[in-house]
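> Sequence below, structure please.
(one chain, ligands or ions: 1)
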Amino acid sequence: MKPRETRNFRNSGPQFMLDGRQRRLPSTSRHATIIIETYVTRFTRQEDCYSTGKNSRMPREMRKEMLNTVHECHLGMEKCKARARNTIYWPGMSSAIKIFISRCKTCNRFKKRQQKEPLIPHDLPDRPWKKLGMDLFEYGAKDYLVVVDYYSKYPEISLHKRKPESEMITHLLSILARHGILETIVSDNQPFSSREFKDFARKWDSELCTSSPTNPQSNGLSERAVQTVKNIIRKSAEEASDPYIALLEYRNAHIAGMNYSPAQLLMSGTLRSRLPAKSTSLMPRIAKDACGQLRMSRHAYITSMQNR
Ligand SMILES: [Zn+2]
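Numbering: from 1, shown residues only. Okay, here's the model as predicted:
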């Protein structure tokens, strides 16, 4: 590259979107400029975003920002590595992610609080959005409704005003209009055994299973989903970041022991996030062996519980 071309290259672009802003790729030396040019040539420009090809390396100048983006919602080590592997690459990336997370102040502060109670294994539905769990929680003087799909583990949350059942039902209806009518919904007794909820379930052709002294049942998956969502909100509050971006990343992150995310299992696709992505990777793709993977993951979990 001639000096004049190098200067033009530095001044006029290339640009990419990060943290919602358009930025220039840093180029402080001739060497860096050549690396960036190679990178840009290999990567495909799509909608102002450079996305990865398998053999493309992220330039050194961008790696720190990419580590921040991969870990901006403070998901665990394995989820962050899996998210990164699907979108970006440079030699030693896994080790860099490991070191980055081990030094994360927010994660270290929440480590003890994040220890989870073992989840009692539940029967697997044979398809997505057939059986759901729901639960409520309070955080920062606000009430949240959490709904989770037993198949994909995809969580939906809604913020609502205190108590009135009619408002919670409106939120539920909005969720059902988005994903379809469920067959069974599992919940604690209160407030879901109210007349309003029973009428809602009847009208929407769904079975409402609430726990009661004569019908004790585990609502463990919903409680686990509440724990996850609460952690996402807490960490976002700690960093004054947007919890909805973190929720988006969680929906895109692989389920432990699987090659699929909740979004892939429920909607057969990856949701566009702030990580670089090719348009082709955002195309719908059926998770053909999902049932088998779910069964194996469940079996591995039960075995690990028995060996504790
Ligand atoms: Zn962290």
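
> next SSE after the longest helix anywhere in the chain?
Once the chain is assigned using DSSP state H, the helix that runs over the most residues is helix 220-239. Later in the chain than helix 220-239, the nearest helix or strand by DSSP states H and E is helix 243-252.

> what helices or strands is that following helix leaning on?
Where contact means 3 or more C-beta pairs under 8 Å, 6 or more residues apart in numbering; DSSP states H and E, helix 243-252 is packed against helix 77-87, strand 155-160, helix 220-239, helix 262-267. C-beta here means a position set from N, CA and C on the backbone, and glycine is covered the same way.

> need the residues of the stretch 51-200 of the chain near the ion, please.
74, 104, 106, 107 (C-beta under 5 Å from the ion).

> Please pick the buried ones from those residues.
74, 107 (16 or more other C-beta atoms under 10 Å).

> and the residues of the stretch 51-200 of the chain next to the ion as TSV, adding pLDDT and secondary structure?
Converted to TSV, these look like this (pLDDT from 0 to 100; DSSP: H, G, I helix; E, B strand; the rest coil):
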residue	pLDDT	secondary structure
74	90	coil
104	93	coil
106	90	helix
107	90	helix
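
> Can you say which of the helices and strands packed on helix 243-252 is packed in most?
By mean neighbour count, with neighbours taken as mean count of other C-beta atoms under 10 Å, helix 262-267 ranks first of the helices and strands packed on helix 243-252 at a mean of 21.

> ok, and for the helix or strand following that one, which residues are buried?
The C-terminal neighbour of helix 262-267 among helices and strands, as given by DSSP H and E, is helix 290-306. Burial within helix 290-306, assessed by neighbour count using 16+ other C-beta under 10 Å, is assigned to 290, 293, 294, 297.

> which one of the helices and strands packed on helix 243-252 lies closest to residue 190?
Residue 190 sits nearest to helix 220-239 of all the helices and strands packed on helix 243-252, at 13.3 Å, using C-beta to C-beta.

> starting at the chain centroid, how far to that closest one?
12 Å (C-alpha atoms, centre = their mean, to the nearest Å).

> how big is the angle separating it from strand 155-160?
60 degrees (axes from the mean of the first three to the mean of the last three C-alpha atoms, to 10 degrees).

> now the angle between helix 243-252 and helix 220-239, please.
Using the same axes, to 10 degrees: helix 220-239 against helix 243-252 is 140 degrees.

> tell me the mean pLDDT over helix 220-239?
Mean pLDDT, computed over helix 220-239, is 91.

> Which other helices and strands does that helix contact?
helix 105-110, strand 131-139, strand 142-149, strand 155-160, strand 184-187, helix 243-252.

> can I get the ones you listed in CSV with distance to residue 198?
CSV is the format used below for the helices and strands packed on helix 220-239 (distance: least, C-beta to C-beta, whole Å):
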stretch, distance to residue 198
helix 105-110, 38
strand 131-139, 14
strand 142-149, 17
strand 155-160, 19
strand 184-187, 12
helix 243-252, 30
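
> Ok, which of these comes nearest residue 89?
helix 243-252 (17.4 Å).

> Quick check: mean pLDDT of that closest one?
93.

> now do stretch 294-308
Here the average pLDDT along stretch 294-308 is 82.

> what's the distance between it and the middle of its chain?
23 Å.

> Kindly export it (C-alpha atoms) in CSV.
Extracted in CSV, the C-alpha atoms of stretch 294-308 (Å, rounded to 0.1, in the frame of the first residue of the first chain):
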residue,chain,number,x,y,z
LEU,A,294,-32.2,-32.0,25.2
ARG,A,295,-32.6,-35.6,26.3
MET,A,296,-28.8,-36.1,26.5
SER,A,297,-28.4,-32.8,28.4
ARG,A,298,-31.1,-33.9,30.8
HIS,A,299,-29.6,-37.3,31.3
ALA,A,300,-26.1,-35.8,31.9
TYR,A,301,-27.7,-33.4,34.5
ILE,A,302,-29.4,-36.3,36.3
THR,A,303,-26.2,-38.3,36.4
SER,A,304,-24.2,-35.4,37.8
MET,A,305,-26.9,-34.9,40.5
GLN,A,306,-26.7,-38.6,41.4
ASN,A,307,-22.9,-38.4,41.7
ARG,A,308,-22.8,-35.2,43.9
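
> Okay, the residue nearest to the spatial centre of the chain and residue 192: tell me how far apart.
With distances taken as C-alpha atoms, centre = their mean, the residue of the chain nearest its centroid is residue 250 (1.4 Å). Between residue 250 and residue 192 the computed distance is 24 Å (C-beta to C-beta, to the nearest Å).
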